[in-house]
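Here is the input, now give the coordinates:
(4 chains)
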There are 2 protein chains.
Amino acid sequence: MTQRHDLTKNQTLVLNALMKTEGPTSAYSLLDQLREHGFRAPLQVYRALEKLIELGLVHRLESLNSFVACAHPHDHKHGLVAFAICDNCGQVDEFSDATVEKRLKGWAADHSFKLSKTTIEMRGACANCLAA
Amino acid sequence: MTQRHDLTKNQTLVLNALMKTEGPTSAYSLLDQLREHGFRAPLQVYRALEKLIELGLVHRLESLNSFVACAHPHDHKHGLVAFAICDNCGQVDEFSDATVEKRLKGWAADHSFKLSKTTIEMRGACANCLAA
DNA sequence: CCGAGCGATGTAATGTTATTACGATGCCGT
DNA sequence: ACGGCATCGTAATAACATTACATCGCTCGG
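So this is what the prediction gives:
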């Protein structure tokens, strides 16, 4: 169960399901997995996800409409996060790049754009899949 | 009508609707706008969008599930494109950054990741909205 | 103790976005 | 004329997300 202080029962269930799956998971897939734990409606999943994302424990992959557990949940720092998503096997690689972050923040500053959230997602084929 | 050679009637209608709107537009909103021109089903819109995106005339905004006409349709070069999206007024600013592109391509090369598409979207508040 | 306030929860209904399946049409080269 | 191929039309359905409203349980001031 790996209960975490601060997290409610539903949040814990969703987070554990995400960590178990090791890959992008849709809200409805989470719902199905959690039916045996009493989940009945999409909203239960979405509410938990919302909090988890707020806490930085989960990321949303916009280009897939799905979710992954954060790979570095203990870094409170990771300002900007980028993802490399394999279209073949679904594997997701999460990483940060200070230069990219600086450039994008620079653009925002130059244009008086007040940045609230940044999404960077690369789609393609991972090394493993290319080898095969 | 601004007919473009190569484009079919439906593609032209969708592209013109997108250019007229000057802002992100959802597929279903396009469908509604085009009903008077004979559109009946979502697929007509999605099919046209698919081609237009392929041709680089339209971009999809993943974080909004919507679409915009490309700001630089004549540059055949724009390898990587980034967007700044104002959450308040919906304005979208499209730009490119060679450094960011180089860094992301570098990461991909280092990890033997074969890149097919990259999404960069910044959400926040634009200068105009901040001033008001 | 009691009740107001508040966050988390449960449930249903609905709204929005995207795809699958199948058939018909139009155009082009032989 | 005919085959091949891209486009198009239509219906149905799947997948993703939100709104609305009622309830529960806890804490804090009175």
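
need the helices for chain A, in chain order.
Under the criterion DSSP state H, chain A contains helices at A:9-21, A:27-34, A:42-54, A:98-110, A:127-131.

Dump those into CSV; add mean neighbour count as well.
All C-beta atoms are positioned from the backbone trio N, CA, C, and that covers glycine. Formatted as CSV, those follow (neighbours: other C-beta atoms under 10 Å in any protein chain shown):
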stretch, mean neighbour count
helix A:9-21, 19
helix A:27-34, 18
helix A:42-54, 17
helix A:98-110, 16
helix A:127-131, 13
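
Quick one: those as TSV, columns for distance to residue B:29 and mean pLDDT too.
Converted to TSV, the helices of chain A look like this (distance: least, C-beta to C-beta, whole Å; pLDDT from 0 to 100):
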stretch	distance to residue B:29	mean pLDDT
helix A:9-21	32	96
helix A:27-34	24	97
helix A:42-54	23	97
helix A:98-110	28	98
helix A:127-131	37	95
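
Get me the contact residues on chain A for DNA strand C.
Residues of chain A lying close to DNA strand C by C-beta under 7 Å from any atom of the strand are A:8-11, A:38-44, A:47-48, A:51.

which of these are close to DNA strand D?
Within those, those near DNA strand D by C-beta under 7 Å from any atom of the strand are A:41, A:42, A:43.

and which of these is nearest residue B:119?
Residue B:119 has its nearest neighbour among these in residue A:42, at 24.9 Å by C-beta to C-beta.

who's in contact with that closest one?
A:27, A:28, A:31 (C-beta atoms under 8 Å, 6 or more residues apart in numbering or on different chains).

Of these, just say which sits nearest to residue A:61.
Taking C-beta to C-beta as the measure, residue A:61 lies nearest residue A:27 of those, at 11.7 Å.

Next, count neighbours for the nearest residue to residue A:127 once chain neighbours are set aside.
Counting by C-beta to C-beta, 6 or more residues apart in numbering or on different chains, residue A:127 lies nearest to residue B:112, which is 3.7 Å off, once chain neighbours are set aside. For residue B:112, the neighbour count with other C-beta atoms under 10 Å in any protein chain shown is 13.

Do I have it right that residue B:112 meets residue A:125?
No - Residue B:112 is beyond contact range of residue A:125, at 9.2 Å (criterion: C-beta atoms under 8 Å).

ok, so of the ones next to DNA strand D among the residues of chain A next to DNA strand C, who is nearest chain B?
Of all these, chain B sits closest to residue A:42, with 16.8 Å by C-beta to the nearest C-beta.

so what's the nearest residue to residue A:23 once chain neighbours are set aside scoring on pLDDT?
Spatial nearest neighbour of residue A:23, chain neighbours left out: residue A:90 (4.9 Å); criterion: C-beta to C-beta, 6+ apart. If you check residue A:90, the pLDDT there is 95.

Same check on residue A:74?
Value listed for residue A:74 in the pLDDT field: 76.

ok, now the one 4 residues further on?
At residue A:78 the predicted local confidence, pLDDT, stands at 71.

Enumerate every residue touching it.
Here residue A:78 is in contact with A:56, A:72, A:96 (C-beta under 8 Å, 6+ apart).

Next, format these as JSON lines and append distance to residue A:131 and neighbour count.
Below are the contacts of residue A:78 laid out as JSON lines (distance: C-beta to C-beta, whole Å; neighbours: other C-beta atoms under 10 Å in any protein chain shown):
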{"residue": "A:56", "distance to residue A:131": "33", "neighbour count": "16"}
{"residue": "A:72", "distance to residue A:131": "26", "neighbour count": "13"}
{"residue": "A:96", "distance to residue A:131": "26", "neighbour count": "15"}
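
for these, which one is nearest DNA strand C?
Distances from DNA strand C to the contacts of residue A:78, taken as C-beta to the nearest atom of the strand, are shortest for residue A:56 (15.3 Å).
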